[in-house]
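Q: Give me the fold of what follows.
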Amino acid sequence: MCATYPQWIPVNEALPITNQRVLFAWHNELGKHRTALGFYCRSREIEADWGEDVTWEQCEQDDDGDTAWLLEGWYEDSWVCGYYAMVLDVTHWMPLPAWPEHLPAPDPRDGLLGPK
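A: Numbering: from 1, shown residues only. Purely as a prediction, here's the structure:
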């Protein structure tokens, strides 16, 4: 059996759809290479959920001030507290692999499902 695996995609060539869970690579403040599970958000595509997963620094408000949106950029998922940390200097990303067929699929809202 010859399996195919997702490949790294440079961010200057393509970006994932908003809120698609992917693996991404970046350079941290110390210049170290890191990888994380997270998602990309385009401007005004994910409404901010105050009090749970976001901070004021990660949001922009509508002109009327009634709606706040996540800023465009990369966000790392934190399974510890449900908090999305914004990540800078992302260089590459790749789709998650398909979920193993012999295991029960996780809840789609958990963001762990790769392509079918």
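Q: Next, name the residue at the spatial heart of this protein.
A: Nearest to the mean C-alpha position of the chain, by C-alpha atoms, centre = their mean, lies residue 39 at 1.0 Å.
Q: so what's that residue closest to, chain neighbours aside?
A: Leaving aside its sequence neighbours, residue 39 sits nearest to residue 19 (C-beta to C-beta, 6 or more residues apart in numbering; 5.2 Å). Any C-beta I mention is one placed from the backbone N, CA and C, and that applies to glycine too.
Q: Quickly note the distance from that neighbour to residue 104.
A: 23 Å (C-beta to C-beta, to the nearest Å).
Q: ok now do the residue nearest to residue 39, which residues does it touch?
A: Going by C-beta atoms under 8 Å, 6 or more residues apart in numbering, residue 19 touches 39, 41, 45, 46, 111.
Q: what's around the closest residue to the second one other than its chain neighbours, how many residues?
A: What that stands for is residue 41. Counting by C-beta to C-beta, 6+ apart, residue 70 is the residue found nearest to residue 41 once chain neighbours are left out, at 4.8 Å. A total of 25 residues lie near residue 70 under the criterion other C-beta atoms under 10 Å.
Q: Can you tell me the element the residue nearest to residue 39 falls in?
A: Assessed by DSSP states H and E, residue 19 sits outside every helix and strand.
Q: how close does it sit to residue 45?
A: Here residue 19 is placed at a distance of 8 Å from residue 45 (C-beta to C-beta).
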